[in-house]
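Asker: Sequence first, then the predicted structure:
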Amino acid sequence: MDLPIKAAILICSDRSFNGERKDQTGPAIKQFLREHGWAVTKHEVLPDDIDQIAFWLDEQSGSGSFDVIVTSGGTGVAPRDITPEATLKVIKKRVPGMEEAMRARSLEITPHAMLSRGVVGTVGRTMIINLPGSVKGAIENLEIVLPALPHAVALLRGEHPDP
Amino acid sequence: MDLPIKAAILICSDRSFNGERKDQTGPAIKQFLREHGWAVTKHEVLPDDIDQIAFWLDEQSGSGSFDVIVTSGGTGVAPRDITPEATLKVIKKRVPGMEEAMRARSLEITPHAMLSRGVVGTVGRTMIINLPGSVKGAIENLEIVLPALPHAVALLRGEHPDP
Amino acid sequence: MDLPIKAAILICSDRSFNGERKDQTGPAIKQFLREHGWAVTKHEVLPDDIDQIAFWLDEQSGSGSFDVIVTSGGTGVAPRDITPEATLKVIKKRVPGMEEAMRARSLEITPHAMLSRGVVGTVGRTMIINLPGSVKGAIENLEIVLPALPHAVALLRGEHPDP
């Protein structure tokens, strides 16, 4: 893979969208990915609205501009948490092993990890990854899936034939 | 959380419903939850019928009377085991991490744990948790998810803002 | 269980179907299962076409001839990998614990295991198990689920009442 992995970041949070809380997780994810050589060229904040999030994910994945879209927030069991459901509306193929790997590792840190409902899946040549909303949770989860992502992106781009 | 967690128990078993087998798991779950300070105010037995189970789950979760509904039985791969499918008809959000945590821990005890198909999910402000039918399996699984439940119920009740 | 477990093998691979690559995984699975006393009486190769795979799985599971159908290939995230989606069209009950067990063990070997999207589920009295395409990956995964399969098949055949 010659080109860097191209990524977009979407923060799903009513409070960040309304300006009640400064988005700290978006910049942390951006810095983390750039340190690993990724090209992050989009970073937006939306409220916890299933239709707005699904529309944005559909639009950005369909643009052909991103290998990976990383979302943060809205993955818990509170009434407003609907990022996984928005993601399920958009993806065509689910990648449950990435979800399981993130939760299994987080579960070693806290039992609350079992409440994290983040979905991972692909649509076309784009992979969408739901991360928790906190800086700590988001980066911890990213670190777990990062080693598999260059291979995943190469496969999505069609650079490898089936093995 | 000032109030105790309010729970209902549903036993899914043709044989217990028909009186061929005494329901031992229901009382064991009730005792276990009460020892942990929960308020258990409903305990019923239904046959392994997808429509009856789904209707009951829908009715009880919609009643606003329960934070958690615990089912036991019908989670395996036998032809009559349909509790997960009944649950999937009712829940709006799946909580796969709780399912994974229960199976991963049980798998350390027996390889048959991988056949346990229990679903966890939420509808409105109620969480539904499928447990295996045996006393031992049900209590072992409950012990695994128990540490996450006070936080889950607080979130479902809207007592925490999104983090 | 007096009779041996009856199995069919389906290789999902454009390249093996087109004759570009010799199918090595099918014979390896066949030998492995026979060494464990199973009766393998069908072994076919299909291209990575969702409709052809789903049709074949539906037909063979409906035939009543097989306790277990093992597929190999098409479980990754490349654009042509659609075996899980074909399987999801056919199964009536998902067995996520078998999927999780295979991935959790494989993850100890390589982070790429989290990209394996293999589905396990049942339709009627037949269980369908998706394995990776490589000989090594397929056999490693089979070894993980093998200890649970005699019990699973007995349950599917209705030889055990609910516990």
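Answerer: Nice, I can see it. Residues are numbered from 1 along each chain as shown, chains lettered A, B, ... in the order given.
Asker: How much space separates A:Ile109 from C:Leu146?
Answerer: 32 Å (CB to CB, to the nearest Å). The C-beta positions use only the backbone N, C-alpha and C, and glycine is treated the same way.
Asker: Same drill for these two, tell me which one is more crowded.
Answerer: Neighbour tally, A:Ile109 and C:Leu146, criterion other CB atoms under 10 Å in any protein chain shown: the higher count belongs to C:Leu146, 14 against 11.
Asker: Regarding the closest residue to A:Gly64 other than its chain neighbours, what are the backbone dihedral angles?
Answerer: Residue nearest to A:Gly64 in three dimensions, not counting chain neighbours: A:Arg125, with 7.4 Å by CB to CB, 6 or more residues apart in numbering or on different chains. Dihedral pair for A:Arg125: phi -100, psi 20, per degrees, to the nearest 10.
Asker: burial count for A:Arg125?
Answerer: For A:Arg125, the tally of surrounding residues (other CB under 10 Å) stands at 17.
Asker: and it, what is it in contact with?
Answerer: Under the criterion of CB atoms under 8 Å, 6 or more residues apart in numbering or on different chains, the contact partners of A:Arg125 comprise A:64, A:67, A:156-158, C:79.
Asker: Let me know the closest of those to chain B.
Answerer: Within those, the smallest distance to chain B is 23.0 Å, found for A:Leu156 (CB to the nearest CB).
Asker: just checking, the closest one touches A:Met127?
Answerer: Yes. A:Leu156 is in contact with A:Met127 according to CB atoms under 8 Å; the separation is 6.3 Å.
Asker: how many neighbours does A:Phe89 have?
Answerer: I think there's a mix-up here, since residue A:89 is Lys and not Phe. A:Lys89 sits with 15 neighbouring residues when counted by other CB under 10 Å.
Asker: Skipping adjacent residues, who's closest to A:Val90 in space?
Answerer: Spatial nearest neighbour of A:Val90, excluding adjacent residues (CB to CB, 6+ apart): A:Leu57 at 4.5 Å.
Asker: Report the secondary structure state of that neighbour.
Answerer: The local conformation at A:Leu57, judged by DSSP: H, G, I helix; E, B strand; the rest coil, is helix.
Asker: so who does A:Leu142 touch?
Answerer: When contacts are counted by CB under 8 Å, 6+ apart, A:Leu142 touches A:29, A:32-33, A:70, A:131.
Asker: Now with 10 Å, please.
Answerer: Each residue near A:Leu142 by CB atoms under 10 Å, 6 or more residues apart in numbering or on different chains is listed here: A:28-29, A:32-33, A:36, A:70, A:72, A:102, A:129, A:131, A:149.
Asker: per-residue confidence at it?
Answerer: Each residue has a pLDDT score; the one for A:Leu142 is 98.
Asker: Pull out the buried positions in whatever helix or strand it lives in.
Answerer: Counting by DSSP states H and E, the element that carries A:Leu142 is helix A:135-145. Neighbour-count burial for helix A:135-145 flags A:135, A:137-142, A:144-145 (criterion: 16 or more other CB atoms under 10 Å in any protein chain shown).
Asker: what does stretch A:30-50 give?
Answerer: A:30, A:32-33, A:38, A:40, A:43, A:45-46, A:48-50.
Asker: Return the member of these nearest to C:Ile9.
Answerer: The shortest distance between C:Ile9 and any of these, using CB to CB, involves A:Trp38 and amounts to 40.2 Å.
Asker: What segments of chain A are helices?
Answerer: The residue ranges that make up the helices of chain A, judged by DSSP state H, are A:14-17, A:25-35, A:50-62, A:83-90, A:96-107, A:135-145, A:149-156.
Asker: Please produce CSV containing the ones you listed, extended by distance to C:Asp14.
Answerer: As requested, the helices of chain A are exported to CSV (distance: least, CB to CB, whole Å):
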stretch, distance to C:Asp14
helix A:14-17, 45
helix A:25-35, 33
helix A:50-62, 25
helix A:83-90, 27
helix A:96-107, 23
helix A:135-145, 28
helix A:149-156, 14
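Asker: nearest to B:Arg117, of the ones you listed?
Answerer: B:Arg117 sits nearest to helix A:96-107 of all these, at 14.3 Å, using CB to CB.
Asker: elements contacting the closest one?
Answerer: Helix A:96-107 sits against strand A:120-123, strand A:126-131, helix A:135-145, helix B:96-107, helix C:96-107, with contacts defined as 3 or more CB pairs under 10 Å, 6 or more residues apart in numbering or on different chains; DSSP states H and E.
Asker: Kindly compare burial across these and name the winner.
Answerer: Per residue and on average, the most neighbours among these fall to strand A:126-131, with a mean of 27 (mean count of other CB atoms under 10 Å in any protein chain shown).
Asker: That one to helix A:149-156, inter-axis angle?
Answerer: Put simply, strand A:126-131 runs at 150 degrees to helix A:149-156, going by axes from the mean of the first three to the mean of the last three CA atoms, to 10 degrees.
Asker: Is strand A:126-131 in proximity to chain C?
Answerer: Yes. With CB under 10 Å from any CB of the partner chain as the measure, strand A:126-131 is seen reaching chain C through A:Met127.
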